[in-house]
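Asker: Here is a sequence together with a model predicted from it:
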Amino acid sequence: MSALQIRSVWRPLETEETGRLEPAVGVYEIRVDGVVRRIGYAGARSLFGLRGELGALAGTIPGAEFRAEVTSAYLSRWHELLGAHLAAHGHAPADNDPGELPRPLYPIGPRGDVTP
Amino acid sequence: MIDFTPTDEQRALVDTVRRFVQNEIVPVEHDLDPDAGQLPGEVHTRLAKRVEQMGLHAWDAPAEVGGPGLDTVTKVLLAIEMSQHRAGLYAPCYGVFGGAGLAHLYEASEDQKERYLYPTLRGERSGFFALSEPSGGSDPARAIRTTAVRDGDDWVLNGGKLWISGAEHADYGIVVARTGPGREGITSFIVDVDMPGFTVNRIVHTLRTTYPATELGLENVRVPDSNRLGEVGQGFTLAAARLVRQRIPYAAGCIGVAVAAHRLAVEYAKNRETFGKALAQQQGIQWMLVDNEVDLRISRLLVLEAAAKADAGEDVRTEAAVGKLFATEAASRVVDRSMQIHGGLGVAKELPFERWYREMRIRRIGEGPNEVQRMLIARHVLNGRT
């Protein structure tokens, strides 16, 4: 595992789990079948922060899991996670809209050896 | 005595940029995340076209490379205007005015200008400047440990850099490396980020989430001699000259943010009532506003003095240090007082103060910590220069 990745454990993307999250700003990842599909953040405009952002997605993606990290540096951390994903896989997560990504997005950290 | 009365042309440019910030940037900013550093792509394109029509594209570039060729005083006046919005300190007008940012490249060879400077001015490429290392940045003659060793037509670079802004989205960077002992043993190289062995190891998360700092790794990076910037051993001179010049617009950006903070504070003090009267009628608040005003006036004069002397071709090491030192500290005080006047609202992300407060703190460290500025000024004071 790269030191760049979120350290918390993966949890089912269900209301029971997202309800335990801090209502704080931060970053998150969502994966399905072990493949990271989306890297997002709960910014200052997110109602109830990570709890609200992930709560809105809870139960909508079959088999999805999430992990999250509370950080006030949510934008630079989001950028870093996306860059690390790009370095490892050669592309951004499938469910991130290209229009929302930082421009341009370059790889960050070790190439090709990050566990998805 | 230097006359700082703006010329008609300067006044017209200031008015144009002021209207642009108020009419184009501030309204768009309302819809962005409070920490955002980029505009949506289509908005950026539209506003960059407006700037081209205004004749201010690549605003900080000399005329000989396609810029408007503004003098330093005019650049200071415009930098003060461009930074008067939430993201203004580190993303003035979200970069729609373009510009190289890397003044080093104006000294580059024609071939290097073709490959790096002109594409940067056209907005096709972006670069970073990598001087600081884990061992330090304010004393490059001693702190630089990244090495560059000549091998045939190439140089082989090894080492690491820290606190490097903009590398996470750059195409190339100017990397300062050691080619020999002492201050004459430092040379600058242009490194493409896709050269094998170059890595952005991580983003260093700080108070500022826009334009973040990074940590870079260089492991046997082969750089052709044609990418050497300047002569071997001239890297220190190039870096020092850049740092001195850079301190003037750096200070100007702080003044702009402080002007915006003060304006909001004055407005709020007039409208907010406590204990049966407007805040503005409370003497404690009046004195805070007066202190803001004095800090702003002095900052402006000091930075304009440094700019005017730079335009006159004078050695501005002391003046740039004085301007940077005073303006960064004064602007910090202005933002702090303005935040205090707003009470709880001042620390909420609904208003820009908390972002300005965080980002302004960095300004007392960036481009040479203020203690280094004091050291530079002390040298001149003790050597009898007035």
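Answerer: Received the coordinates, thanks. Numbering: from 1, shown residues only, chains lettered A, B, ... in the order given.
Asker: How many residues are close by residue B:284?
Answerer: 8 (other Cβ atoms under 10 Å in any protein chain shown). C-beta coordinates here come from the backbone N, C-alpha and C atoms, glycine included.
Asker: Mind telling me what element it is part of?
Answerer: Taking DSSP states H and E as the criterion, residue B:284 maps to helix B:283-311.
Asker: Who are the packing partners of that helix?
Answerer: helix B:72-82, helix B:235-271, helix B:317-341 (3 or more Cβ pairs under 8 Å, 6 or more residues apart in numbering or on different chains; DSSP states H and E).
Asker: contacting residues for residue B:242?
Answerer: B:103, B:104, B:129 (Cβ atoms under 8 Å, 6 or more residues apart in numbering or on different chains).
Asker: Kindly export the helix or strand harbouring the last one (C-alpha atoms) in CSV.
Answerer: When secondary structure is defined by DSSP H and E, residue B:129 falls within strand B:127-130. Taking C-alpha atoms only, strand B:127-130 is exported to CSV below (Å, rounded to 0.1, in the frame of the first residue of the first chain):
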residue,chain,number,x,y,z
GLY,B,127,6.5,25.0,-15.1
PHE,B,128,7.7,25.1,-11.6
PHE,B,129,10.8,26.4,-9.8
ALA,B,130,12.7,24.0,-7.6
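Asker: follow-up on the earlier one: could you check the helix holding residue B:284 and say which residues are buried?
Answerer: B:285, B:288-289, B:292, B:295-296, B:299-300, B:302-310 (16 or more other Cβ atoms under 10 Å in any protein chain shown).
Asker: swap in stretch B:30-43?
Answerer: Quick answer for stretch B:30-43 (16+ other Cβ under 10 Å): B:32, B:33, B:34, B:35, B:36, B:37, B:38, B:39, B:40, B:43.
Asker: For the fourth one, give me its contacts.
Answerer: The neighbours of residue B:35, taking Cβ under 8 Å, 6+ apart as the test, are A:43, A:44, A:74, A:75, B:209, B:210, B:355.
Asker: if we can go back for a sec, does anything pack onto the following helix or strand past the strand holding residue B:129? Which helices or strands?
Answerer: Remark: after strand B:127-130, the chain's next helix or strand is helix B:140-143, criterion DSSP H and E. Packing partners of helix B:140-143 (3+ Cβ pairs under 8 Å, 6+ apart): helix B:235-271.
Asker: how far is the helix it packs on from where the chain is centred?
Answerer: Centroid separation between helix B:235-271 and its chain, computed with Cα atoms, centre = their mean, to the nearest Å, is 8 Å.
Asker: Alpha carbons of the lengthiest helix in chain A, in CSV - could you do that?
Answerer: Taking DSSP state H as the criterion, chain A has its longest helix at helix A:74-89. What follows is helix A:74-89 as a C-alpha-only set of coordinates in CSV (Å, rounded to 0.1, in the frame of the first residue of the first chain):
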residue,chain,number,x,y,z
TYR,A,74,-9.6,18.3,1.2
LEU,A,75,-8.8,19.8,-2.2
SER,A,76,-5.0,19.2,-2.2
ARG,A,77,-5.6,15.7,-0.7
TRP,A,78,-8.2,14.9,-3.3
HIS,A,79,-5.8,16.0,-6.0
GLU,A,80,-3.1,13.8,-4.5
LEU,A,81,-5.3,10.7,-4.3
LEU,A,82,-6.3,11.2,-8.0
GLY,A,83,-2.7,11.6,-9.0
ALA,A,84,-1.7,8.5,-7.1
HIS,A,85,-4.5,6.6,-8.8
LEU,A,86,-3.4,7.8,-12.1
ALA,A,87,0.2,6.8,-11.4
ALA,A,88,-0.9,3.3,-10.4
HIS,A,89,-3.5,2.6,-13.1
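Asker: now check it, is it near chain B?
Answerer: Yes: if you take Cβ under 8 Å from any Cβ of the partner chain as the test, helix A:74-89 does meet chain B, through A:74, A:75, A:76, A:77, A:79, A:80, A:83.
Asker: ok, the third one - how many residues close by?
Answerer: Spelled out, that is residue A:76. Neighbours around residue A:76, by other Cβ under 10 Å: 25.
Asker: isn't it right next to residue B:207, touching?
Answerer: No: under the criterion of Cβ atoms under 8 Å, residue A:76 is not in contact with residue B:207, lying 10.5 Å apart.
Asker: can you count the residues close to residue B:364?
Answerer: 18.
Asker: The closest residue to residue B:307 other than its chain neighbours and residue B:261, how far apart?
Answerer: Sequence neighbours aside, residue B:72 is the residue nearest to residue B:307 in space, at 4.0 Å (criterion: Cβ to Cβ, 6 or more residues apart in numbering or on different chains). From residue B:72 across to residue B:261, the span is 25 Å (Cβ to Cβ, to the nearest Å).
Asker: now what about the helix or strand bottoming out on mean pLDDT in chain B, what contacts it?
Answerer: Within chain B, no helix or strand scores below helix B:140-143, which has a mean of 81 by mean pLDDT, DSSP states H and E. If you take Cβ under 8 Å, 6+ apart as the criterion, helix B:140-143 is touched by B:131-133, B:135-137, B:176, B:182-183, B:186, B:236, B:239-240.
Asker: Format those as JSON lines; extra columns: pLDDT, neighbour count and distance to chain A.
Answerer: Compiled in JSON lines, the contacts of helix B:140-143 are given as follows (pLDDT from 0 to 100; neighbours: other Cβ atoms under 10 Å in any protein chain shown; distance: Cβ to the nearest Cβ, whole Å):
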{"residue": "B:131", "pLDDT": "92", "neighbour count": "25", "distance to chain A": "21"}
{"residue": "B:132", "pLDDT": "93", "neighbour count": "18", "distance to chain A": "18"}
{"residue": "B:133", "pLDDT": "95", "neighbour count": "22", "distance to chain A": "19"}
{"residue": "B:135", "pLDDT": "87", "neighbour count": "14", "distance to chain A": "21"}
{"residue": "B:136", "pLDDT": "83", "neighbour count": "14", "distance to chain A": "23"}
{"residue": "B:137", "pLDDT": "77", "neighbour count": "25", "distance to chain A": "20"}
{"residue": "B:176", "pLDDT": "94", "neighbour count": "26", "distance to chain A": "21"}
{"residue": "B:182", "pLDDT": "88", "neighbour count": "11", "distance to chain A": "34"}
{"residue": "B:183", "pLDDT": "86", "neighbour count": "16", "distance to chain A": "33"}
{"residue": "B:186", "pLDDT": "94", "neighbour count": "27", "distance to chain A": "27"}
{"residue": "B:236", "pLDDT": "84", "neighbour count": "20", "distance to chain A": "29"}
{"residue": "B:239", "pLDDT": "77", "neighbour count": "21", "distance to chain A": "25"}
{"residue": "B:240", "pLDDT": "80", "neighbour count": "15", "distance to chain A": "29"}
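Asker: Cheers, nothing more for now.
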